[in-house]
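# Take this sequence and fold it.
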Amino acid sequence: MLAMVDIKNTATSNEPPASTLPLTILDEDGEELFECDSCGLHYRPSKSTSSLRLTYCGFLCEIGDLGFSIDGLEQMEIISTSDANADTSSDEGGSVDVNEEPNPVPSASTST
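Got it, this is the predicted structure:
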């Protein structure tokens, strides 16, 4: 009967296995390609439309993964609650009755 034995070379036992080594992928110009955290696509960071160029291949992956874009977050304006209440109260003065039909549809009559 044969027994299976695990043989290790003592000279290479301290090295990590080849599968865990990071691989660097280069394009035809020698520029390093990164892998998008959202879709897994390999891309050039210099061509990325995302604000987080080293993480996402484009702004759609950034928005899809985070739920917002960094550019949009930078352009947001903070509105205090008192300003927001003032805006809604000014709209209430010119309110329109939604139950009132502005252009009622004439009823179809079948008189002959």
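
# residue boundaries of the strands in the chain?
Using DSSP state E, the strands of the chain run over residues 25-26, 32-35, 42-43.

# And for residue 55, the neighbour number?
Neighbouring residues of residue 55 were enumerated by other CB atoms under 10 Å; the total is 18. For glycine as for every other residue, the C-beta is placed from the backbone atoms N, C-alpha and C.

# wait, it sits on residue 43?
No - with contacts defined as CB atoms under 8 Å, residue 55 does not count as touching residue 43, sitting 10.6 Å away.

# what residues are shared contacts of the two?
Each of residue 36 lies in contact with both residue 55 and residue 43 under the rule CB atoms under 8 Å, 6 or more residues apart in numbering.

# returning to what we had before: with distance to residue 74 as extra columns, can I get the strands of the chain in a markdown table?
Formatted as a markdown table, the entries for the strands of the chain read as follows, by distance: least, CB to CB, whole Å:
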| stretch | distance to residue 74 |
| --- | --- |
| strand 25-26 | 31 |
| strand 32-35 | 23 |
| strand 42-43 | 23 |
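
# Just the helices from the protein, written as ranges.
According to DSSP state H, the chain carries its helices in the segments 59-66, 70-75, 81-92.

# any idea which of the ones you listed scores lowest on pLDDT?
In terms of average pLDDT, helix 81-92 trails the rest of the helices of the chain, at a mean of 64.

# So, low pLDDT: which residues of the chain?
Within the chain, the set of residues satisfying pLDDT under 70 comprises 1-22, 83-112.

# let's see 80
In the predicted model of the chain, residues 1-23, 83-112 satisfy pLDDT under 80.

# Mean neighbour count, the strands of the chain: which tops it?
Counting by mean count of other CB atoms under 10 Å, strand 42-43 has the highest mean neighbour count of the strands of the chain, with a mean of 16.

# from what I can see residue 58 touches residue 45, true?
No - with contacts defined as CB under 8 Å, residue 58 does not count as touching residue 45, sitting 11.3 Å away.

# Looks like residue 26 contacts residue 33 (just checking).
Yes - under the criterion of CB under 8 Å, residue 26 lies in contact with residue 33, with a separation of 6.7 Å.
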